[in-house]
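In: whatever this is, show me its structure:
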Amino acid sequence: MEHLGISVGCKGTVLYVLLTILFINGKISARDAKLNNMSEDGIQILNYICMAIVLINVGGYISLTLGTVQSRHDLILFWLISSPLGMLVWTIFLLSTRYPRGFLIIPTFYIYIWFEMYSLYKRIKSERQTGFSHLAV
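Out: Alright, predicted model coming up:
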């Protein structure tokens, strides 16, 4: 399970860093989502909210990677809290595209990974409290 945590953490960090770069360069914008009934100010506020969520998720994925490597459940907890915000960003992105078929795959994958990382969180927390390391299965 640790390998999955490290893998998800590293890949998520790269993904959200790239999203951050795209937001900063203006390549991704709520204006592109064809929000016809929103004002320019509303679109700008939505851009700032999405950017904040993306930056929180960068920290969450870095936290997941470090928490898994260092066996610190408190760092994994930050990812468990911030990852639903990432799911919100993906939902907004998928609803703004013409191809919503992936809408079923990505949330299902997110939910699966979230429960796996929650299991890892519980295991590391119990190991730190008892001082006993479970055998890898």
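
In: any weak-confidence spans in this protein?
Out: 25-38, 40, 92-104, 131-137 (pLDDT under 70).

In: longest helix in it, please.
Out: As assigned by DSSP state H, the longest helix anywhere in the chain is helix 40-70.

In: report the distance from that one to the chain centre.
Out: Centroid displacement of helix 40-70 relative to its chain, using Cα atoms, centre = their mean, to the nearest Å, is 8 Å.

In: tell me, how many neighbours does the residue lying closest to I6 once chain neighbours are set aside end up with?
Out: Closest residue to I6 in three dimensions, ignoring its sequence neighbours and counting by Cβ to Cβ, 6 or more residues apart in numbering: T68, at 5.2 Å. For every residue, glycine as well, the C-beta is placed using N, CA and C. T68 has 27 neighbouring residues, counting by other Cβ atoms under 10 Å.
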